[in-house]
Structures are given as structure tokens and as C-alpha cells.
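Colleague: structure, please.
(one chain, ligands or ions: 3)
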Amino acid sequence: MGSGSNNGSSIKLVTGDGGYILEDVPHFSDYIDDLPTYPNPLQSNPAYSVVKQYFVHMDDTVPQKVVVHKNSPRGIHFRRAGPRQKVYFEPDDVHACIVTCGGLCPGLNTVIREIVCGLNYMYGATRILGIDGGYRGFYSKNTINLTTRVVNDIHKRGGTILGTSRGGHDTSKIVDSIQDRNINQVYIIGGDGTQKGAAVIYQEIRRRGLKVAVAGIPKTIDNDIPVIDKSFGFDTAVEEAQRAINAAHVEAESCENCIGLVKLMGRNSGFIAMYATLASRDVDCCLIPESPFYLEGKGGLFEYIEKRLKENGHMVIVVAEGAGQELVSESLQSMNQQDASGNKLLQDIGFWLSQKIKEYFAKPNKLPINLKYIDPTYMIRAIPSNASDNVYCTLLAQSAVHGAMAGYTGFTVGLVNGRQTYIPFERVTEKQNKVVITDRMWARLLSSTNQPSFISTKEPCHSHEESPAQPLDGEIFKEEVMTNGDISASVP
Ligand SMILES: Nc1ncnc2c1ncn2[C@@H]1O[C@H](COP(=O)(O)OP(=O)(O)OP(=O)(O)O)[C@@H](O)[C@H]1O
Ligand SMILES: O=P(O)(O)OC[C@H]1O[C@](O)(CO)[C@@H](O)[C@@H]1O
Ligand SMILES: [Mg+2]
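Modeller: Ligands and ions are numbered 1, 2, ... in the order given. Got it, this is the predicted structure:
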């Protein structure tokens, strides 16, 4: 076994036989000497002490890649999440806080609830503060006392009882507030931006030599966080999107030459649109940011709509909000506006597309059409999480609590190949997860909708700089298949 850190990266690397690499997460002992440890109170907890091997072995790790060839190196692993024999906090020492940042997502309240209940019921820790309204709440708002009583029913509600915001990340003010309040466990729930913010908070805490654990719980309705199998709330959102698609289908079927158009969320990644389409089977065309499309001419959207209406008398189109942004900018003046976090504000592709389709079919000799536009974007993320997401949120929250109690810090919890793990912040913030349009999942979608691929007949309307060329089976590349359908490739 060897250890060190990667070139140009701060990740703790441990190497082993057969090309084994552990991308480890930081621990208090990396920068604070001689900290006392205590036996894990779960050892005498009647619920857990009956579970054989309840504690995670210190050497347990989870491979990032489970599809391997006989000569493949063992590759990258992440530390397995779960309770450890020794903890770094006594129950009365713990002073935790929880913050939620970025957009809403089903399951936020469940994660908050389960952090509070996990700390209390598993570790006897009761001092837990809620930070009001995202990062800026650390230095501009009063805190909220979170007890098991306060959080008891919150998982049945959508949104976040703590409130959320974009922007306002002032690292020194946030860490000053953590230090002034004697907080020693910080649970940060949010998307890619939030995890970047959590990484700098961790670095500043470490620079100040504080015994404060920083744990991230990845949240995003867009499912754009890399490495992890999928983000919580995604399933719930896809399920809710079905209702809108179903309504569009019922409307479209009910009158002649009718088009039902549904806009779904997905700023840079079209996972919601893709999964909702695959699940529904009523969709004739799914447009996502990763797959450029065009309207006019051979192989274009209008030609396909005409064909489908002639064949079927109706059709359903699903468009992700980030799709075709270049097309919209070409015809409307692009304003290049950003939100408070610096995310590009999108033009309304759904409304624009509705207008364009109506204009096209209003021309002489074209089919007279009816178009029903449904925009359920905020509805799919403002609902409570479904049963499966509730369980998933519980496991994520408990994993975060176990990690912080065991002295790990600077980590994001995440499901990797079905196992709970601790992942270094850098791994989940270095890129965004996207639908790979040369992957089998997108091929499945194309074959289910029969839509044109919009590839090759015309120059793409926008480039693919961010997504590397993805090889299919049989090429000389190794491929890394994630359960969310992503494939990332590297030369052997
Ligand atoms: N590079 C960064 N460094 C520090 N803080 C950041 C960074 N990027 C974003 N943040 C902060 O993280 C918070 C959330 O970011 P953002 O609004 O991009 O949402 P997100 O976490 O990506 O969630 P989502 O995109 O799923 O809604 C904001 O308060 C923002 O200021
Ligand atoms: O709440 P806001 O700022 O309008 O956020 C909208 C964005 O947030 C997301 O839901 C991600 O959280 C995107 O899908 C969407 O573009
Ligand atoms: Mg984001």
C-alpha cells in the first residue's frame, strides 16, 4: 500500500495491489494531533447491537467501476460509508448545523429530518441548528433550533423548512459564524454549486485548524452530479413529470392534429426529460440540451412533426428547459443573464418552440394544428419525495452522520454502485454529469420514440465541448458504465 496525493489535486490517494486506488476523504487526524476517541454508542444501542457486523470495517471500500475485463486494473475506489467502532465526539460535545442551498428538490425535508433523528437517536446528540435561507443565512439570519419534535412530520412536505437561496457564499463570514457559534459538524445539502461552496468552507476550516466536520449531501433535481448513481428526489420528479406527459397525451389524443408539448427541468443535463420519456412511452420526441436539434429542412423537427401527425393524428413532445438554447438566442436577443450563483438564466424554450411550431403550421398548405403547451417545471420539484426517495434520503443522512461522528470531513456522501460511500468534494464538483448521446440509454430512447437523431444531416446548432467523445462497445477505449446511464471513457 502506498499513499499520497494526485498531481494537481488535493485528493488523498491510497494505492494497493493490482492497480487499486482509494480516493480517500480527509480526516481530523490528517491535521489535528492526539484527538481523543470514544467507543461508538451504537454498540450498546438495542436496535443496532443485534446487527451482525454493523460496524464498517476500516478497510472497506467500494469500486467506482463494476464492469471490468479480466485484465483490468482494480481502479478507483471510495471509502465505504457507515458507523465506525470509534467516534471523535461525545454526545454532549456535538454542536451541529444543517443548511440547504440551491433550487428545491423532493426529499430535502427528509434529509434534514434524518440528520436530526440520526444524531439524536443513534449518537445522543441534541444540539442541532438549522441555518435559515442557504449560505447567506450563516451570517445574516438567526438560527432555528432543530429537535426531533420539530422535524417529526416534515418529510411529508415539499420544499425545505430551512429555506434556501442562491449566491451569498462568503467563505470567511460563514466560517467565522461556525467558529463563533462553536459549531463542530456542518451538514450542507445542495447541488454542484453548493458542494463547491462546501469544499472551500472545509479548506478554510482546515486552514484554521478547527475540529469541525464538513459533510455534503448532494442534491439536484437535474441529476447532474457525477460519480453517484443518482441524486435523491430524481425518481420523484420523474414520476411527477409523468402526470404532465399524461395530460399532454390525453389532450393531444382528443382533437385532430393536436400536439402536446411539455417542458421539464434540466438546465445542462436532460436526465429528467430522458427518463420521463422512457417511462411514459407516450412521447414521440424528446429534446435535451446534450442533443442539438434543428427545426427546418430534411431531418428537422418540423418534418418529423408533419410525419407523426399524418401517421397518428396527434403527438407528444417533451423538451428539457436547457435544450436548443442556441436556437432561441438566434431569434431572440440573448440577454446573457445570470442568477445570483452565476448560473446562466435560460430562455423559455417551451414557449418559443410552441410559437415556432404554430407559425410553421399556419403557413398555406400546411396541416391546421392544435397545440397544448404544459409547463410543470416547478411542480415536479416542489413536492414531497416518494417512498423510495424517502428511504434513499434516510440512508444518505445517516451515512453523513456516521462519517462526521467518525472524524471524517471534506466529503460528500453518495451511492456508488448501490453502496453508500464518502467521496472527496473535488470528485463531485470537477464536472457535470450529462446524458451521453452515444450511450445505450439514449439509443433506447431514440428507438422508443422513433424521433430523428438530428445528427449528421446538418451542422449541430451547438457544440459538445463539455462532453468528450464517448465510444461504444468494441472500440479500444475502456468504458465506465454508471447506473444512471452515463459512460465516461479513458484510453487504457
Ligand atoms: N464555486 C463556488 N464557490 C463557492 N460557493 C459557490 C460556488 N458555486 C456556487 N456556490 C454557492 O452555492 C450555493 C448554491 O449554488 P447554486 O445556486 O449553483 O445551486 P446548486 O447547489 O448547484 O443547486 P442546483 O443547481 O441543483 O439548484 C449558492 O449559495 C452559491 O453562492
Ligand atoms: O429556482 P430557480 O433559480 O428558478 O432554479 C431553476 C433551476 O434549478 C434547477 O431546478 C436545479 O435545481 C434547474 O433544473 C432549473 O433550471
Ligand atoms: Mg447546480
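
Colleague: tell me the confidence at the closest residue to Asp132 other than its chain neighbours?
Modeller: Using Cβ to Cβ, 6 or more residues apart in numbering and skipping residues adjacent in sequence, the residue nearest Asp132 is Lys141, 4.0 Å away. Where you see a C-beta, it was placed from the backbone N, CA and C, and this is true even at glycine. According to the prediction, Lys141 has pLDDT 95.

Colleague: enumerate every residue touching the residue in the stretch 351-492 of the chain that ligand 1 sits nearest to.
Modeller: Here the stretch 351-492 of the chain gets closest to ligand 1 at one residue, Thr429, 7.8 Å apart by Cβ to the nearest ligand atom. Applying Cβ atoms under 8 Å, 6 or more residues apart in numbering, we find Thr429 in contact with Asp192, Gln195, Lys196, Ala199.

Colleague: do the same with Asp348
Modeller: Lys263, Glu321, Val328.

Colleague: which of those residues fall within strands?
Modeller: Taking DSSP state E, the ones among the contacts of Asp348 that sit in strands are Lys263.

Colleague: about what we covered before: give me the neighbour count for the residue nearest to Asp132.
Modeller: Neighbour count for Lys141, taken as other Cβ atoms under 10 Å: 14.

Colleague: is it true that it touches Gly130?
Modeller: No: using Cβ atoms under 8 Å, Lys141 is not in contact with Gly130; the gap is 10.0 Å.

Colleague: need the residues of the chain near ligand 1, please.
Modeller: Counting by Cβ under 6 Å from any ligand atom, the residues of the chain close to ligand 1 are 101-103, 134-135, 166-169, 190-194, 196-197, 200, 220, 222, 341, 343.

Colleague: now do 8 Å
Modeller: Contact residues, the chain versus ligand 1 (Cβ under 8 Å from any ligand atom): 101-105, 134-136, 165-169, 171, 190-197, 199-200, 219-222, 224, 267, 339-343, 429.

Colleague: following the helix or strand where Asn390 lies, which helix or strand shows up next?
Modeller: Asn390 is part of helix 387-405 when elements are defined by DSSP states H and E. Heading C-terminal from helix 387-405, the first helix or strand you meet, by DSSP H and E, is strand 411-416.

Colleague: enumerate the positions of that next one that are buried.
Modeller: Phe411, Thr412, Val413, Gly414, Leu415, Val416 (16 or more other Cβ atoms under 10 Å).

Colleague: did I read that right, Asn336 in a helix?
Modeller: No: counting by DSSP: H, G, I helix; E, B strand; the rest coil, one finds Asn336 to be coil, located in no helix.

Colleague: number of nearby residues for it?
Modeller: Count around Asn336 with other Cβ under 10 Å applied: 8.

Colleague: just give the nearest non-adjacent residue to it, would you?
Modeller: Lys344 (7.3 Å).

Colleague: look up the pLDDT of that neighbour for me, please.
Modeller: At Lys344, the pLDDT value in this model is 90.

Colleague: ok, what's across the strand from it?
Modeller: For Lys344, the beta-bridge partners are Gln338 (DSSP bridges).

Colleague: what's the answer for Val318, then?
Modeller: Note on Val318: beta-bridge partners by DSSP bridges are Val262, Cys286.

Colleague: for ligand 1, see how far away it is.
Modeller: According to Cβ to the nearest ligand atom, to the nearest Å, Val318 and ligand 1 sit 20 Å apart.

Colleague: was I right about that residue contacting Ile272?
Modeller: No: in this structure, Val318 is not within contact of Ile272 by Cβ under 8 Å, at 9.1 Å.

Colleague: who's more crowded, these two?
Modeller: Using other Cβ under 10 Å as the criterion, Val318 and Ile272 rank with Val318 on top: 31 against 26.

Colleague: count of neighbours near the residue lying closest to Asn312 once chain neighbours are set aside?
Modeller: Distances taken as Cβ to Cβ, 6+ apart put Asp284 closest to Asn312, at 7.7 Å, once the chain neighbours are dropped. Counted with other Cβ under 10 Å, residues neighbouring Asp284 total 25.

Colleague: quick one, what contacts Asp284?
Modeller: Residues near Asp284 by Cβ under 8 Å, 6+ apart: Arg308, Asn312, Met315, Val316, Ile317, Thr449, Asn450, Gln451.

Colleague: is the helix or strand encompassing the third one anywhere near ligand 2?
Modeller: Using DSSP H and E, Met315 sits within strand 314-320. No: taking Cβ under 8 Å from any ligand atom as the criterion, strand 314-320 and ligand 2 are apart, separated by no less than 8.6 Å.
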